[in-house]
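*Asks:* how would this look folded up:
(one chain, ligands or ions: 2)
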Amino acid sequence: MKSLCVLGATGSVGLNTLQVVQSQPHQFRVVAITAHSNVSGMLDLCRLHKPDFAVMSAGDAALKLEQAVQAEALPTKILSGEQGLIEVASLPQVDAVMAAIVGAAGLLPTLAAAKAGKQVLLANKEALVMAGALFTQAVEEHAATLLPIDSEHNAIFQCLPKGQVRSLTQSGIKRILLTASGGPFRETPLSQLATVTPQQACNHPNWDMGEKISVDSATMMNKGLEVIEACFLFHATLEQVEVVVHPQSVIHSMVEYIDGSVLAQLGSPDMRVPIAHALAWPERIHSGAPFLDLLKVGQLDFMPMDEIRFPCVQLARDAFIAGGTATAILNAANEVAVAAFLEERLPFSCIPAVVEASLSTMEILPANNLELVLAADQEARAVANEHIVNRQ
Ligand code: NAD
Ligand code: MG
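*Replies:* Residues are numbered from 1 along each chain as shown. Ligands and ions are numbered 1, 2, ... in the order given. Predicted coordinates:
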């Protein structure tokens with residue numbers, strides 16, 4: 001029986017995780033769940049999973065959940081704030097932590113799980129983008145296990161040799177082919193991108209996801225973040241990670257070996273597949289996702305990415321090359337720009353410009369410690385906001 005902590009339990013990945021868990025009641029026990037402010041969603045999950053702990057990172061929400069849990073005499077202890085998140089991510093009785101908080105808010109709890117030597121099921125790519133070197137160092141030092149949940153990285157993980165050594169080259173690998181659907185605006189006339197709505201941006205052709213990652217998919221900043229994620233996870237160089245547009249989202253990524261073999265992982269575009277893979281690893285369990293019907297899919301298409309339409313991927317590559325705090329700045333400015341777009345304070349087409357302006361305004365420092373990363377994150381938020389407010 002594996003004991004789990006699910007960070008971001010009320011979100012898209014969190015709920016998918018709990019669905020897989022619910023279908024395998026003899027294999028998993030939910031010890032702790034967390035959410036930001038969704039009290040009714042958490043109350044439902046407390047009733048269903050009877051976790052030992054539930055954390056609301058917003059203090060007033062914690063109070064409300066506590067009252068509701070007491071009124072129903074549920075066995076769950078309620079904690080609050082970032083300290084509560086860190087506490088449950090490092091509980092001694094927890095084996096695996098699903099890191100599914102969205103954005104920079106996930107960094108400290110996810111890092112705490114790594115420092116506690118847990119199996120870290122990593123959906124929260126932003127944590128790795130912000131502090132990849134510190135994060136992978138913590139994983140190594142504390143003998144934690146990192147299992148990727150992002151569908152592309154989970155696919156790559158499945159196609160890599162078991163226990164991949166330090167570099168791709170040493171493992172006989174030429175490159176990684178990171179697939180991308182191209183999002184909802186792959187073919188939208190460029191002139192219309194200034195006026196697309198949050199609802200259009202969140203309407204992904206293949207995946208049903210949270211709002212932030214949906215907008216990132218529409219700008220393809222998501223693919224930029226994933227390029228960085230792949231470099232940190234698999235000890236790859238930027239040149240070894242090639243983005244290939246594949247609109248059907250059936251091949252979730254590929255690994256090309258030096259002998260010319262290309263291994264791919266395929267499946268329905270359903271997050272329960274990579275989630276079930278990581279939950280059961282190295283075994284296999286049912287995920288509940290529909291099986292892939294290739295005859296129904298019929299055709300798999302591939303095309304190069306349009307770098308002019310999607311400047312965010314190059315912004316991410318450039319930040320990775322700059323190193324240090326640049327990727328934390330990229331991430332923070334993007335989070336602020338996406339939030340402004342969702343609140344209709346910034347046109348969709350201005351998201352890359354806000355990120356670029358923030359990166360060029362700020363000094364990039366070595367990311368030697370967490371304090372420097374968190375300071376860069378905070379400053380980039382202020383700088384990005386200023387660019388949004390002062391926009392002509
Ligand atoms: P979501 O918006 O649906 O859920 C986010 C979760 O995080 C919620 O439980 C929310 O309560 C919690 N949260 C939000 N802000 C918080 C804060 N400030 N402090 C603490 N908790 C907070 O997001 P999602 O789509 O499930 O994505 C979660 C992560 O997984 C993201 O990093 C995303 O990039 C990654 N991911 C998601 C998918 C997907 O299919 N949704 C696929 C690949 C990767
Ligand atoms: Mg992905």
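*Asks:* Compute the number of surrounding residues for the closest residue to ligand 1 within the stretch 151-300 of the chain.
*Replies:* Residue of the stretch 151-300 of the chain nearest ligand 1, by Cβ to the nearest ligand atom: residue 210 (2.6 Å). C-betas here are computed from N, CA, C, even on glycine. When neighbours are defined as other Cβ atoms under 10 Å, residue 210 has 17 of them.
*Asks:* List the residues that contact it.
*Replies:* When the contact criterion is Cβ atoms under 8 Å, 6 or more residues apart in numbering, the partners of residue 210 are 11, 12, 13, 102.
*Asks:* What is the nearest of those to ligand 1?
*Replies:* Using Cβ to the nearest ligand atom, residue 11 comes nearest to ligand 1 of these, at 2.0 Å.
*Asks:* Local confidence estimate at the closest one?
*Replies:* According to the model's per-residue confidence, residue 11 sits at a pLDDT of 98.
*Asks:* cool, and residue 165?
*Replies:* In this model, residue 165 is scored at 68, pLDDT.
*Asks:* Repeat that for residue 392.
*Replies:* pLDDT at residue 392 comes out at 67.
*Asks:* Spell out which parts of the protein neighbour ligand 1.
*Replies:* For the chain, the residues found near ligand 1 under the criterion Cβ under 6 Å from any ligand atom are 8-14, 35-36, 38, 57, 100-102, 105, 123-126, 150, 207, 209-210, 212-213, 271.
*Asks:* distance between the ends of stretch 176-189?
*Replies:* Distances were taken as Cα to Cα, to the nearest Å; on that basis the terminal residues of stretch 176-189 are 30 Å apart.
*Asks:* What mean pLDDT does it get?
*Replies:* Along stretch 176-189, the predicted local confidence has a mean pLDDT of 97.
*Asks:* Please point out which parts of that stretch sit buried.
*Replies:* Along stretch 176-189, these residues count as buried under the neighbour rule (16 or more other Cβ atoms under 10 Å): 176, 177, 178, 179, 180, 181, 182, 183, 184, 185, 186.
*Asks:* Stretch 74-91 too?
*Replies:* Of the residues in stretch 74-91, those scored as buried under the neighbour-count criterion (16+ other Cβ under 10 Å) are 74, 76, 78-80, 84-91.
*Asks:* Quickly name whichever of the residues you listed is closest to residue 218.
*Replies:* Distance to residue 218 across these (Cβ to Cβ) is lowest for residue 85, with 28.6 Å.
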